[in-house]
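> Using only what follows, build the 3D model:
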Amino acid sequence: MSRSKRRKVASPLPMRDGVSASHVWLGEGNWPNVLAFMAARFPAVSEAEWAARMERGEVVDLEGTRLRPDSPYRRGTCIFYYRELAHETPITFAETILYQDEHILVADKPHFLPVIPTGRFVRETLLVRLKHKTGLSDLTPIHRLDRETAGVVLFSHNLATRGIYQSLFQKRAMDKVYEALAPTRPDLTFPLVRRSRMVDGEPFICMTEVEGEPNSETHIEVLECLGELSLYRLHPVTGRKHQIRLHMAALGMPIVNDAFYPVALPCKGDDVSRPLQLLAREIRFTDPITGAMRHFVSERSLNFVP
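Okay, the predicted model is just below:
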């Protein structure tokens with residue numbers, strides 16, 4: 001089965017409290033049974049826990065048939081299961097829905113809330129919260145924000161038109177504006193444009209700039225000088241990971257409370273006392289379905305407290 005077909009499979013398990021079932025395809029292997037494979041594939045979950053989930057009917061194949069601990073391992077089988085965490089840190093900051101129609105949903109994300117399930121967060125993510133709140137099982141983000149960044153996020157919940165909205169980002173037809181608090185640079189002339197070649201850096205989660213043809217571009221202007229800090233308006237023309245954060249740091253204006261740039265600091269864990277002062281303020285685009293101009297603005301604000 002091709003990769004493209006694998007992405008389109010429908011889950012026989014229903015959405016549960018906003019959490020859609022995950023799936024894994026079985027490839028070549030000599031596992032004695034499904035239980036042995038699942039325990040090895042997901043070592044954070046014990047064999048006993050996988051067996052208990054199977055007994056509850058929470059591990060099934062593509063046809064919805066319950067898989068048991070002794071079910072044979074068969075190449076080409078697609079297994080559906082719910083991803084669960086033994087402990088998940090509650091995130092007390094709330095998201096809001098700015099807009100919803102038959103095709104899209106626009107949310108205003110708080111700082112510290114991941115957009116999608118990843119790592120140590122499943123239920124405490126924007127996607128799962130919105131699915132639970134709206135019942136929209138096909139909800140999918142069209143773009144992403146870092147967990148540390150707050151602001152406007154666009155979602156699709158209509159499979160028939162999802163690709164049309166996704167193409168807006170591919171064609172750079174989506175105008176995104178950010179705001180950031182960062183050190184004042186009276187020696188620089190604004191507005192200015194930062195172009196550079198960005199590649200993966202160290203640690204792996206960070207990006208870095210290298211010599212070569214630019215693959216990233218950010219337009220920067222000063223909205224207000226607040227003394228040692230200034231409020232900046234940023235327009236990323238491209239959408240590289242951590243682009244704004246890296247560009248600001250490279251200009252000697254690291255965003256307030258940035259734990260990655262210019263230097264990656266030790267993990268803050270569950271500390272939410274120092275939010276990154278970066279906000280996805282607005283998104284503007286021509287709706288590809290209706291032709292209407294869409295303009296969505298975050299209701300949040302940056303508020304640095306030293």
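> what about residue 80, how many neighbours?
With neighbours defined by other CB atoms under 10 Å, the count for residue 80 comes to 21. (C-beta placed from N, C-alpha, C; glycine too.)
> Apart from its chain neighbours, what residue comes closest to residue 222?
By the measure of CB to CB, 6 or more residues apart in numbering, the closest residue to residue 222 outside its immediate chain neighbours is residue 190, 4.8 Å from it.
> residues in contact with the one you found?
Applying CB atoms under 8 Å, 6 or more residues apart in numbering, we find residue 190 in contact with 220-222.
> Scan these and report the most crowded one.
Most neighbours among the contacts of residue 190, by other CB under 10 Å: residue 220, with 24 neighbours.
> Could you report the separation of it from residue 64?
For residue 220, the distance to residue 64 (CB to CB, to the nearest Å) stands at 52 Å.
> Please apply the same query to residue 126.
Counting by CB to CB, the gap from residue 126 to residue 64 is 29 Å.
> Looking only at neighbour counts, state which of the two leads.
Applying other CB under 10 Å to residue 126 and residue 64 shows that residue 126 carries more neighbours, namely 26 against 11.
> so the more buried one makes contact with residue 118?
No: contact between residue 126 and residue 118 fails when scored by CB atoms under 8 Å: they sit 11.3 Å apart.
> what about the closest residue to residue 135 other than its chain neighbours, neighbour count?
Computed as CB to CB, 6+ apart, the closest residue to residue 135 that is not its neighbour in sequence is residue 15, at 7.9 Å. Applying other CB under 10 Å, we find 18 residues neighbouring residue 15.
> Next secondary structure element downstream of the helix or strand of the chain at the bottom of the mean pLDDT ranking?
Using mean pLDDT, DSSP states H and E, helix 3-6 stands out as the lowest-scoring helix or strand of the chain, at a mean of 41. Downstream of helix 3-6, the first helix or strand assigned by DSSP states H and E is strand 22-25.
> name the helices or strands packed onto that next one?
Contacting strand 22-25 under the criterion 3 or more CB pairs under 8 Å, 6 or more residues apart in numbering; DSSP states H and E are the following elements: strand 78-81.
> and the strand it packs on, which residues are buried?
By 16 or more other CB atoms under 10 Å, the buried positions in strand 78-81 come out as 78-81.
> What strands flank it, and is each parallel or antiparallel?
Paired with strand 78-81 in the same sheet, following DSSP bridges, are strand 22-25 (antiparallel), strand 59-60 (antiparallel).
> Tell me which of those strands is the most buried.
Highest mean neighbour count of the strands paired with strand 78-81: strand 59-60, a mean of 22 (counted as mean count of other CB atoms under 10 Å).
> what's next to it, contact-wise?
Residues from elsewhere that reach strand 59-60, judged by CB under 8 Å, 6+ apart: 12-13, 34, 38, 50, 53, 66-67, 79-81.
> can you tell me the average pLDDT over it?
Mean per-residue pLDDT for strand 59-60: 95.
> Then stretch 39-54?
For stretch 39-54, the per-residue pLDDT averages 92.
> What are the buried residues along it?
Residues of stretch 39-54 classed as buried: 39, 45, 50-51, 53-54 (neighbour count, 16+ other CB under 10 Å).
> So residue 39 sits against residue 53, correct?
No: contact criterion CB under 8 Å: residue 39 and residue 53 do not qualify, at 11.3 Å.
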